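A.B. asks: curious how this folds, go ahead:
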Amino acid sequence: MSGGDGGHINLYSTDDCDADFEVSLSPWPPVSSDTSTIKTGGVLDDGCVSQESQSVRYQIVHASGSTNWVAMQRIVDPEDDVIEFVTETNLPSGNVSIQFEVTGYSRQALRPEEWKLSVK
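C.D. replies: Below you'll find the model as predicted:
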């Protein structure tokens, strides 16, 4: 999936769980000299997710290769009963894909579509 609406994109929806996987990137548009914050949201829904075992990791793919898979930091908001995942990274300039792997959905790893974007 390409683009995104102002740094926000819905990468994955599951019909069986009615769950979404949304990602935001700031600042937007991304610039290679800035540190970018990647944040997930909307991962939890309808008991399809085991909150205790859920994890998200990502890798960045670009013309000169790809990074290793990196785990995102898990943040729990008990007041809203929400779990989010956040990381900071420096994106290389040029055409970049950010790939994500989500675990915790019925004990299977789900790989949403990659987020393709252009970094200045």
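A.B. asks: name the helices or strands packed onto the longest strand seen in the chain?
C.D. replies: Ranked by number of residues, the top strand in the chain under DSSP state E is strand 94-105. Judged by 3 or more CB pairs under 8 Å, 6 or more residues apart in numbering; DSSP states H and E, strand 94-105 is in contact with strand 8-14, strand 19-26, strand 55-62, strand 108-110, strand 115-119. (Each C-beta comes from the backbone N, C-alpha and C, glycine too.)
A.B. asks: show me the contacts for the residue lying closest to residue 25 once chain neighbours are set aside.
C.D. replies: Computed as CB to CB, 6 or more residues apart in numbering, the closest residue to residue 25 that is not its neighbour in sequence is residue 7, at 4.7 Å. Residue 7 sits next to 24, 25, 26, 27, 28, 29, 30 when contact means CB atoms under 8 Å, 6 or more residues apart in numbering.
A.B. asks: ranking the helices and strands packed on strand 94-105 by mean pLDDT, which is last?
C.D. replies: Mean pLDDT per stretch puts strand 108-110 lowest among these, at a mean of 51.
A.B. asks: lowest-confidence helix or strand of the protein?
C.D. replies: strand 108-110 (a mean of 51; mean pLDDT, DSSP states H and E).
A.B. asks: list the contacts of the closest residue in space to residue 31 that isn't next to it in sequence.
C.D. replies: If you skip the residues right next to it in sequence, residue 31 has residue 120 as its closest partner in space, 5.3 Å away by CB to CB, 6+ apart. Shown in contact with residue 120 (CB under 8 Å, 6+ apart): 29, 30, 31, 32, 93.
A.B. asks: buried subset of the residues you listed?
C.D. replies: Neighbour counting by 16 or more other CB atoms under 10 Å classes residue 30 among the contacts of residue 120 as buried.
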